[in-house]
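Asker: sequence below, structure please.
(one chain, ligands or ions: 1)
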Amino acid sequence: MEDKQITVSSPLLPPLEEFMPYLEKIWNRKWLTNNGDYHQELEKALCDYLGVKHLALFSNGTLALITALQALRITGEVITTPYSFVATTHSLWWNNIKPVFVDIDPVTMNLDPEKIEAAITPRTTAIMPVHVYGTPCDTERIRQIAETYGLQVIYDAAHAFGVTQNGTSVLNHGDLSILSFHATKTYSTIEGGAIVCHDAKMKQRIDFLKNFGFADETTVVAPGINAKLNEVQAAYGLLSLKHVDKAIQNRKMVAGIYREKLKNLPGLTFLHELPGVSGNYSYFPVFINESAFGISRDDLYFKMKEKKILGRRYFYPLISDFPTYRGLPSAAQENLPVARKMASQVICLPLHHDLSAADAERIVSVILNEHAAASRNK
Ligand SMILES: *Cc1c(COP(=O)(O)O)cnc(C)c1O
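Answerer: Reported below is the predicted structural model:
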């Protein structure tokens, strides 16, 4: 029998029959968007689930990032990481803000706090770090720097749904945090996202900005965008929330197999689990050192593909290498040695709610076999 294809991610679709009653309610209410009942219910449910005070839903994470910068009136230059999904930096571009790339920490892959201060100029107004793969940033050090220099902090927490550190949500750090509920993420509303904030005034301002700037029927306070989440997606989100814990449990099971079976493989490393952190098992990146492993990252990536195992090279290329950004002084090769090295070595292994232990074993054996073959050919 042919091996089935294994994708890096798979959408967490709740059972269709469970979704039908929600749809019937929406049809009966005839209220499809603009802060409907399900929208309000989901904002409350997510605040409870995540352990945060205020949360504003968005139609996607990118518009949440763009709006967060506007809510804080960020201008000038913002310090950020090149090792992320492009939307992180695009959100700056859409606000006419100059990104200043700073290198990453080789242990966490997050923005290296020790390199932030050297990048601050009189035009710097904020720091936009990313909790990459759901690993919390050094939030304490970043807070100290932000306080010293009078900067705002906006966390791109697109990977950090449900992640806690010492028992509290990582989303409570910084001035604002942004989530993505895209179909490929651990928790999804198909497309969707949110801004997490700490007080009701800010939440209200964000709600104006995501609805054209309307404060009431006749008052428009700013050139806001339309970034509202509709009732069908909010209902999908409410239902998905009931299934997400089980999905995370399965991801944990698969990640456990990867950790156990790949731990002593020469030339392959993976991330350490940080003490006190309860993660969401969103991603399982491995880093391939060509000389020790025997073949390059790209060779392994394509060999896996031949065996119908689709990893993803997240995050490669670096954001700073795309045409829009590569001319910036901070995008220079020598400024970002760690990010560059990690981007050249990374493969995210398949990780989702629908993988079995047997699937994980098959993926592991493909990697072990490629390493063994490369060692024989040396
Ligand atoms: C997915 C993602 C986004 C964008 O979210 P969308 O909901 O797809 O717009 C932003 N930043 C990071 C780090 C992401 O992974």
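
Asker: drop to CA atoms for contacts and neighbour counts, all remaining ones
Answerer: Will do.

Asker: where do the helices sit along the stretch 51-200 of the chain?
Answerer: For the stretch 51-200 of the chain, the helices defined by DSSP state H, counting those that start in this stretch cover 61-71, 87-93, 139-149, 200-209.

Asker: mind checking which of these is nearest the ligand?
Answerer: For the ligand, the closest of those is helix 61-71, at 3.4 Å, according to Cα to the nearest ligand atom.

Asker: what about the closest one, near the ligand?
Answerer: Yes - residues of helix 61-71 contacting the ligand under Cα under 6 Å from any ligand atom: Gly61, Thr62.

Asker: and that helix, how far out from the chain middle?
Answerer: Distance, stretch centre to chain centre, for helix 61-71: 14 Å (Cα atoms, centre = their mean, to the nearest Å).

Asker: could you do stretch 221-229 as well?
Answerer: Its chain's C-alpha centre and that of stretch 221-229 lie 23 Å apart, by Cα atoms, centre = their mean.

Asker: residues from the stretch 101-250 of the chain in reach of the ligand?
Answerer: Asp156, Ala158, His159, Ser180, Phe181, His182, Glu191, Gly192, Gly193.

Asker: quick one: buried ones out of those?
Answerer: Asp156, Ala158, His159, Ser180, Phe181, His182, Glu191, Gly192, Gly193 (16 or more other Cα atoms under 10 Å).

Asker: confidence score at the fourth one?
Answerer: Read that as Ser180. You'll see Ser180 listed with a pLDDT of 98.

Asker: so what pLDDT did Arg376 get?
Answerer: Predicted confidence (pLDDT) for Arg376: 86.

Asker: thinking again about what came up before, what's the farthest-apart pair in the buried ones among the residues of the stretch 101-250 of the chain next to the ligand?
Answerer: Greatest spatial distance among these (Cα to Cα): Asp156 and Glu191, at 16.4 Å.

Asker: now Leu111. Nearest residue, chain neighbours left out?
Answerer: Using Cα to Cα, 6 or more residues apart in numbering and skipping residues adjacent in sequence, the residue nearest Leu111 is Ile104, 4.3 Å away.

Asker: that neighbour: how many residues sit nearby?
Answerer: Neighbourhood size, Ile104 [other Cα atoms under 10 Å]: 26.

Asker: avg pLDDT for stretch 78-85?
Answerer: Stretch 78-85 comes out at a mean pLDDT of 98.

Asker: now it, how far from the chain's geometric center?
Answerer: Put simply, stretch 78-85 sits 12 Å off its chain's centre (Cα atoms, centre = their mean).

Asker: now that stretch: buried residues?
Answerer: Val78, Ile79, Thr80, Thr81, Pro82, Tyr83, Ser84, Phe85.

Asker: can you give me the strands in the stretch 201-350 of the chain?
Answerer: In the stretch 201-350 of the chain, strands defined by DSSP state E, counting those that start in this stretch lie at 214-216, 219-220, 268-270, 277-278, 284-288, 346-349, listed in chain order.

Asker: now the first one: mean pLDDT?
Answerer: Right, the one you point to is strand 214-216. 96.

Asker: domain parsing for this protein?
Answerer: Domain segmentation of the chain under automatic domain parsing yields 16-240, 244-376.

Asker: which one of these lies nearest to Thr7?
Answerer: The nearest among the domains of the chain, by Cα to Cα, is domain 244-376 at 4.9 Å.

Asker: restricted to strands, list the buried ones among the residues of the stretch 101-250 of the chain next to the ligand.
Answerer: When DSSP state E defines the strands, the subset of these inside them is Asp156, Ser180, Gly193.

Asker: appreciated, that's everything.
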